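Engineer: what follows is a protein structure lacking sequence information:
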């Protein structure tokens, strides 16, 4: 039976990881290992809380599933799993369901996608799953005086929809070439959406902006992107109500770039 590690960057108690685990645990050999606390925006950082040289791991109660809360970043948890810390190393890593889309080139900063890319870097197959909480149907209002956003309550989000899409893509994820990540984004809607292959948008759905600055400090906020949507990209298809799938690979070297090599001092 295919061994699956499920992790995330919202924390082991987040509703997204509970929905994802419930959706795939009946078909696959599942273990859950996720950060004890939220670790969003960690990308593929390898960080951990260490006490006397030990990374802290605790059992977490999850009905019918072996689960752990780990004092480490999502990518570090994937590395630990590859070393057999949580049982047999996984064949597939599922990361999510993230609270908010991970789309466009902003996936570089995502802890959800970072965990999946780390798995791919170790030769595993992986899928990152995110729920688009900023789609037009979501209950979101703009903060007065700008584009700052207010996220809806977790209780109002349609986690089972994203979990069902992820479960339907598991066979595909398991059969992709080793070292491949499927980056999946799902609209926040009660009904299952159609799935479309997408390219990465050249920007993210939201980004940092400076809200206030002064002597010795700066305060930031998160605002919607004002960039124009390009047809065929993940953000454009999400806006049209589709779930999107984009195949990713870890960083690789680029050929064809001329790099002048300085001569040594003796030549």
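Structural biologist: All right, it came through fine. In this text the structure is predicted, and so the values were computed from the model without any measurement.

Engineer: ranges for the strands of the chain?
Structural biologist: 3-7, 29-35, 50-51, 54-55, 57-59, 66-70, 92-99, 125-132, 181-187, 195-197, 206-214, 217-224, 243-248 (DSSP state E).

Engineer: next, count neighbours for residue 22.
Structural biologist: With neighbours defined by other CB atoms under 10 Å, the count for residue 22 comes to 18. Every residue, glycine included, has its C-beta placed from N, CA and C.

Engineer: give the contact list for it.
Structural biologist: Residues near residue 22 by CB atoms under 8 Å, 6 or more residues apart in numbering: residue 163.

Engineer: roughly how far apart are it and residue 119?
Structural biologist: 21 Å (CB to CB, to the nearest Å).

Engineer: quick one: low-confidence residue ranges for this structure.
Structural biologist: In the predicted model, the chain carries pLDDT under 70 at residues 135-150, 206-208, 221-226, 265-267.

Engineer: if we go to 90?
Structural biologist: Across the chain, residues meeting the criterion (pLDDT under 90) sit at 1, 26, 37-53, 134-156, 203-228, 251-255, 258-267.

Engineer: okay, helices next: where are they in it?
Structural biologist: 15-24, 74-82, 111-121, 159-168, 170-175, 234-239 (DSSP state H).

Engineer: can you tell which of those helices is closest to residue 218?
Structural biologist: Closest to residue 218 of the helices of the chain is helix 111-121 (CB to CB; 22.7 Å).

Engineer: spatially nearest residue to the most centrally placed residue in the chain, not counting backbone neighbours?
Structural biologist: Residue closest to the average C-alpha location in the chain (CA atoms, centre = their mean): residue 112, at 2.2 Å. Nearest residue to residue 112 in three dimensions, chain neighbours excluded: residue 98, at 4.2 Å (CB to CB, 6 or more residues apart in numbering).

Engineer: tell me what the one you found is bridged to.
Structural biologist: residue 130 (DSSP bridges).

Engineer: against residue 20, how distant is it?
Structural biologist: Remark: distance between residue 98 and residue 20 (CB to CB) = 10 Å.

Engineer: joint contacts of the two?
Structural biologist: In contact with both residue 98 and residue 20: 8, 129, using CB under 8 Å, 6+ apart.

Engineer: wait, isn't residue 16 in contact with residue 94?
Structural biologist: No. Counting by CB atoms under 8 Å, residue 16 sits too far from residue 94 to count as a contact (10.8 Å).

Engineer: so residue 5 makes contact with residue 78?
Structural biologist: Yes. Residue 5 sits in contact with residue 78 when judged by CB under 8 Å, with a separation of 7.0 Å.

Engineer: what about residue 196, distance to residue 13?
Structural biologist: Distance from residue 196 to residue 13, by CB to CB: 32 Å.

Engineer: next: residue 203.
Structural biologist: For residue 203, the distance to residue 13 - CB to CB - is 31 Å.

Engineer: ok, now residue 243?
Structural biologist: Per CB to CB, residue 243 is found 25 Å from residue 13.

Engineer: just the helices of the chain: most buried one?
Structural biologist: Greatest average neighbour count among the helices of the chain goes to helix 111-121 (a mean of 28), per mean count of other CB atoms under 10 Å.

Engineer: what helices and strands are in contact with it?
Structural biologist: In terms of contacts (3 or more CB pairs under 8 Å, 6 or more residues apart in numbering; DSSP states H and E), helix 111-121 is packed against helix 74-82, strand 92-99, strand 125-132, strand 181-187, strand 243-248.
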